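Q: my questions are about this predicted structure, shown below with the sequence.
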Amino acid sequence: MNIQSIKAFNDNYIWLISTNEGNLVIDPGESAPVLDFLTKNKIELTDILLTHHHYDHVGGVAELKKSITGKVIGPNNFNIEGIDQKVSEGTLVNSCGLNFRVIEIPGHTLDHIAYFSDDNKQPLLFCGDTLFSAGCGRVFEGTFQQMYESIMRIKSLPINTLIYCGHEYTLANLKFAHQVEPNNVDIKKHIEFCKKVLQNNQATLPSSLKLELKINPFLRCDDDKLRESISHKYDSSKSIDDSSVFEYLRKWKDSF
């Protein structure tokens, strides 16, 4: 199996997975870069998997569907044109010899889903715009509570899970994370690492859940060090639950 990132728009990543049984793409917001890659490498596209309805994740479906040999698979949203198989929580998807379990993770959008595979020793998660490296998506359609619960579902996955998200936002997210936890050594180290990676025109993704638990404030709402770091920002004399910390952080990030 080989996983390749294909750049789209300014900062989107379309993920191409190639196996001995075929090739699939996840969230093709544009068709042109995918078609260019397929032509250059003389490969044929089998399936298309979608995580949510935003145009920068589905805009290339109509054109790509003309030449696929399989199906377009996506969330149960009738506003997404071209879906052949609508999936929901717990659905098992088989594509190109890989098995994915669908996890519903609303918040960024109400229809948002992720694809999780643990066929191999290395678990994989394709989570669209719900979790980013060192950050998470904006809450557009759902509630902060929904988004928090979705993030916690991701947090409960095996710690060695590789995280494939939809955008190259890592360095910008790390700058916010550093504001939240200025004494977090792991964040400082990863900022320097990502600067070098991006200077070499490489992707900072995939990340890993193990790393995200160290650097991503949205996964650390229960962490005493994070809470102490932001205690001056709210009335720390009052009890505050983890979901409220999450909502506070997300609103802070919205205006950062």
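A: Here it is on my side, so go on.

Q: so what secondary structure elements neighbour the longest helix seen in the chain?
A: Longest helix in the chain by number of residues, with DSSP state H as the criterion: helix 185-199. When contacts are defined as 3 or more CB pairs under 8 Å, 6 or more residues apart in numbering; DSSP states H and E, helix 185-199 sits against helix 170-180, helix 209-215. Where C-beta positions appear, they are placed from N, C-alpha and C, glycine not excepted.

Q: report the buried residues of the shortest one.
A: What it means is helix 209-215. Residues of helix 209-215 classed as buried: L209, L211, E212, K214, I215 (neighbour count, 16 or more other CB atoms under 10 Å).

Q: where exactly do the helices run in the chain?
A: With DSSP H as the criterion, the chain has helices spanning 32-41, 55-58, 61-65, 144-155, 170-180, 185-199, 209-215, 224-229, 242-254.

Q: look up how far S133 lies from the spatially most central residue of the chain.
A: Nearest to the mean C-alpha position of the chain, by CA atoms, centre = their mean, lies C165 at 2.7 Å. Noted for C165: a distance of 7 Å to S133, by CB to CB, to the nearest Å.

Q: can you check K210 too?
A: 12 Å.

Q: which residues touch F246?
A: F144, M147, Y148, I151, F218, C221 (CB atoms under 8 Å, 6 or more residues apart in numbering).

Q: low-scoring stretches of this structure, by residue?
A: 234-238 (pLDDT under 70).

Q: report the buried residues of stretch 228-246.
A: Going by 16+ other CB under 10 Å, stretch 228-246 has these buried residues: S229, I230, S243, S244, V245, F246.
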